[in-house]
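J.: the amino acid sequence is not available; the structure is as follows:
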């Protein structure tokens with residue numbers, strides 16, 4: 001009997017199912033394992049080289065997959081040697097998702113409250129620790145740090161003595177001319193304004209109002225960002241609130257009465273309340289007459305804007321960087337906040353995370369001797 005015949009014979013006797021039949025899947029798996037065992041001396045250098053290539057790639061370009069290198073490097077046998085970086089990135093993403101599923105299935109179940117002992121905080125921490133999740137969290141915190149730095153640069157005076165257009169600030173917060181059905185959540189940085197905004201039901205970014213699904217109207221007005229928050233229980237309306245966000249160009253001074261951002265917000269509220277609200281399935285709902293509206297106007301507080309705020313009886317916060325007012329006739333609460341406050345508050349909310357990753361200090365500049 002030659003080696004091939006012996007290989008098939010040895011694998012066949014291990015591949016019978018409970019009915020005494022050989023399954024093709026079990027047979028091929030056993031043959032592959034035996035073949036790998038027979039060719040081990042020839043395959044090991046190739047495998048080692050491939051694993052080393054993957055390790056170097058992860059270290060240099062995709063550090064978020066370091067937990068795979070540490071805990072599941074044996075899975076790298078699934079990755080074909082010699083592929084491009086783009087293909088390798090896709091394969092690592094697939095392995096990462098498999099690892100997520102494995103970790104999820106192994107996650108310890110929470111003890112019932114009536115039988116659980118009182119654990120210390122450190123003991124509870126150990127239940128949730130895993131390198132995969134920690135790696136993803138680190139990558140997300142780094143994303144936030146980089147985003148805030150880019151926003152800060154975008155608010156600075158350019159070399160040509162001009163400031164960025166409002167579209168640039170808008171794109172940092174959320175891509176334009178899209179809805180929340182078009183883009184993944186990670187492309188939206190609503191947390192810069194308010195963490196709670198991430199939990200909206202529907203978002204429209206720079207879309208004509210007659211194309212916004214939750215409300216039917218003929219108006220072609222474009223709010224910068226309009227968010228509909230859905231209620232979590234049955235009620236007369238599917239919307240617990242509506243949020244309007246308006247951005248203005250940094251250091252804009254040329255406002256006209258027609259371009260008064262406060263009046264713009266009132267117009268948007270009037271249009272949306274006058275439209276026919278619809279459910280997620282397109283069914284008509286009661287009008288938005290009683291739905292709470294909230295609005296943020298994000299801008300620099302220039303002299304003309306101070307005039308508008310005074311005319312509309314806005315109240316200033318103690319820091320002088322934010323003004324607010326509730327308009328009873330429109331039933332809308334408005335906050336006008338400066339870019340300085342937007343950036344400073346967002347940094348403060350994230351500072352503890354930045355410090356844990358040693359991101360609180362700027363990298364030292366290179367010096368030449």
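T.: Noted; the coordinates are in hand. Fair warning: this is a prediction, and the values are worked out from it, not measured in the lab. Numbering: from 1, shown residues only.
J.: which stretches of the protein have low pLDDT?
T.: Counting by pLDDT under 70, the ranges of the chain that qualify are 1-27, 29, 32-33, 35-43, 107-129, 157-162, 231-237, 280-281, 360-369.
J.: and the strands in it?
T.: 178-179, 202-205, 215-216, 225-230, 239-247, 276-277, 293-299, 315-316, 322-327, 332-338 (DSSP state E).
J.: helices of the stretch 251-369 of the chain, residue ranges please.
T.: Assigned by DSSP state H, counting those that start in this stretch, the stretch 251-369 of the chain shows helices spanning 261-274, 303-311, 339-356.
J.: which of the ones you listed is buried the deepest?
T.: Of all those, helix 261-274 carries the top mean neighbour count, a mean of 19, counting by mean count of other Cβ atoms under 10 Å. From N, CA and C alone the C-beta is placed, and that goes for glycine too.
J.: just the angle between that helix and strand 332-338, please?
T.: 150 degrees (axes from the mean of the first three to the mean of the last three Cα atoms, to 10 degrees).
J.: could you dump the helices of the stretch 251-369 of the chain into TSV and include distance to residue 99?
T.: Formatted as TSV, those follow (distance: least, Cβ to Cβ, whole Å):
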stretch	distance to residue 99
helix 261-274	44
helix 303-311	51
helix 339-356	23
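J.: what's the domain layout of this structure?
T.: With automatic domain parsing as the criterion, the domains of the chain are listed as 3-101, 165-341.
J.: so which of the ones you listed comes closest to residue 155?
T.: domain 165-341 (5.1 Å; Cβ to Cβ).
J.: now do the same end-to-end measure for the closest one.
T.: 19 Å (Cα to Cα, to the nearest Å).
J.: try stretch 53-69
T.: With Cα to Cα as the measure, stretch 53-69 spans 11 Å from end to end.
J.: buried set for it?
T.: Within stretch 53-69, the residues that qualify as buried are 53-55, 57-58, 62, 64-69, counting by 16 or more other Cβ atoms under 10 Å.
J.: how far is that stretch from where the chain is centred?
T.: Distance, stretch centre to chain centre, for stretch 53-69: 22 Å (Cα atoms, centre = their mean, to the nearest Å).
J.: thought residue 287 was touching residue 276?
T.: Yes. The pair residue 287 / residue 276 is scored as a contact, 6.9 Å apart, by Cβ atoms under 8 Å.
J.: which of the two has more neighbours?
T.: Higher neighbour count among residue 287 and residue 276: residue 287, with 15 against 12, using other Cβ atoms under 10 Å.
J.: the closest residue in space to the more buried one that isn't next to it in sequence bridge partners, please.
T.: Nearest residue to residue 287, sequence neighbours excluded (Cβ to Cβ, 6 or more residues apart in numbering): residue 277, at 6.1 Å. Going by DSSP bridges, residue 277 is paired in beta bridges with residue 215.
J.: looking at the buried residues of stretch 53-69, which one is closest to residue 79?
T.: So of the buried residues of stretch 53-69, ranked by how close each gets to residue 79 (Cβ to Cβ), first place is residue 54, at 6.6 Å.
J.: gap between that closest one and residue 256?
T.: According to Cβ to Cβ, to the nearest Å, residue 54 stands 59 Å off from residue 256.
J.: dump the residue contacts of the closest residue to residue 289 other than its chain neighbours.
T.: Leaving aside its sequence neighbours, residue 289 sits nearest to residue 273 (Cβ to Cβ, 6+ apart; 6.0 Å). Residue 273 makes contacts with 287-289, 291, 293, as judged by Cβ atoms under 8 Å, 6 or more residues apart in numbering.
J.: for the longest helix along the chain, buried residues please.
T.: When the chain is parsed with DSSP state H, its longest helix is helix 131-154. Along helix 131-154, these residues count as buried under the neighbour rule (16+ other Cβ under 10 Å): 132, 135-136, 138, 141-142, 144-145, 147-148, 151, 154.
J.: ok, now stretch 276-290?
T.: Per 16+ other Cβ under 10 Å, stretch 276-290 contains these buried residues: 277-278, 285, 288.
J.: show me which pair in those is furthest apart.
T.: The largest separation in the buried residues of stretch 276-290, counting by Cβ to Cβ, is between 278 and 288 at 10.8 Å.
J.: who touches both of the two?
T.: In contact with both residue 278 and residue 288: residue 215, using Cβ under 8 Å, 6+ apart.
J.: is residue 245 in a bridge, and if so with what?
T.: residue 225, residue 296.
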